[in-house]
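1. Sequence and predicted structure, then a few things I'm wondering about:
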Amino acid sequence: MISPHEGARSIVMTISEICRLVVAATFLLSAATKFLGGGDSLAGALRLSVPQWLARIATAAVTPFEFLVAALLLIGNRTTFQAGLVLAASLLLIFAGWMVSVLLRRLELRCSCFGPGGAAVGWRHVVRNLLLTAVALVGVVFTSSSPGGLGTSVCEALVMVSAALLIVSGVALRIAAPALMLSFEWCLAGSTALLAEAIRS
């Protein structure tokens with residue numbers, strides 16, 4: 001029979017894991033879409049809303065920083081998990097502040113959080129970032145309260161890396177889908193033309 005103390009420890013660990021994985025998946029997806037999409041959308045939005053020197057630094061730093069946060073949250077121990085969650089909360093608050101600035105200045109910019117093609121920056125994006133910030137901070141608190149031994153084993157690390165590769169591959173396939181479809185249509189049209197020419201001759 002599970003004692004109340006063991007039940008409380010289990011709840012703390014579960015909440016810690018959920019917060020960590022939600023934030024990790026969000027940052028991994030965000031970084032992958034920016035990286036595979038070229039980051040032009042983010043660069044354009046920043047150039048129109050912040051000083052040029054800051055836009056250049058942010059454009060170069062955001063995607064690697066997001067990959068770093070995801071890595072800290074997916075593979076490591078209590079210390080790296082806490083560091084990743086704190087860094088995630090910090091970046092989310094910075095972007096929330098940037099979005100508020102964009103909205104107050106009535107700038108028409110698209111959200112580039114998940115690569116090109118995002119919707120216009122709106123208050124819902126600010127709320128989303130603040131909610132994710134809250135999740136990250138809750139994760140920090142519960143990770144601190146988790147029992148010793150919190151971390152990823154070799155097997156768990158391999159599973160995490162495999163899942164990350166699947167996410168990146170899925171994003172790449174989605175981005176490449178229009179070009180692949182167009183190439184397929186060209187091949188099909190070429191094959192049809194060759195077949196028609198062969199039939200006529």
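-> That came through fine. Computed from a predicted model, the values in this text were never measured in an experiment.
2. Could I get the full set of helices for the protein?
-> Counting by DSSP state H, the segments of the chain that form helices are 4-37, 40-47, 52-74, 78-104, 123-145, 154-200.
3. Least reliable of the ones you listed by average pLDDT, please.
-> Mean pLDDT per stretch puts helix 154-200 lowest among the helices of the chain, at a mean of 54.
4. Need the per-residue pLDDT for residue 114.
-> Reported pLDDT for residue 114: 73.
5. correct me, but it touches residue 27?
-> No. At 10.8 Å, residue 114 and residue 27 do not qualify as touching, with contact defined as CB atoms under 8 Å. Heads up, the C-betas are built off the backbone N, CA and C, glycines and all.
6. Comparing these two, which residue is more hemmed in?
-> Using other CB atoms under 10 Å, the more surrounded residue of residue 114 and residue 27 is residue 27, with 27 against 17.
7. from what I can see that one touches residue 87, true?
-> No. With contact defined as CB under 8 Å, residue 27 does not count as touching residue 87 (9.2 Å).
8. which neighbours do these two share?
-> residue 69 (CB atoms under 8 Å, 6 or more residues apart in numbering).
9. tally of neighbours for residue 105?
-> When neighbours are defined as other CB under 10 Å, residue 105 has 9 of them.
10. gap between it and residue 98?
-> 11 Å (CB to CB, to the nearest Å).
11. any common contacting residues for those two?
-> Shared contacts of residue 105 and residue 98, counting by CB under 8 Å, 6+ apart, come down to residue 49.
12. For residue 23, give me its contacts.
-> Here residue 23 is in contact with 69, 73, 84-85, 88, 132, 135-136, 139 (CB under 8 Å, 6+ apart).
13. Go again with 7 Å.
-> 73, 85, 88, 132, 135-136, 139 (CB atoms under 7 Å, 6 or more residues apart in numbering).
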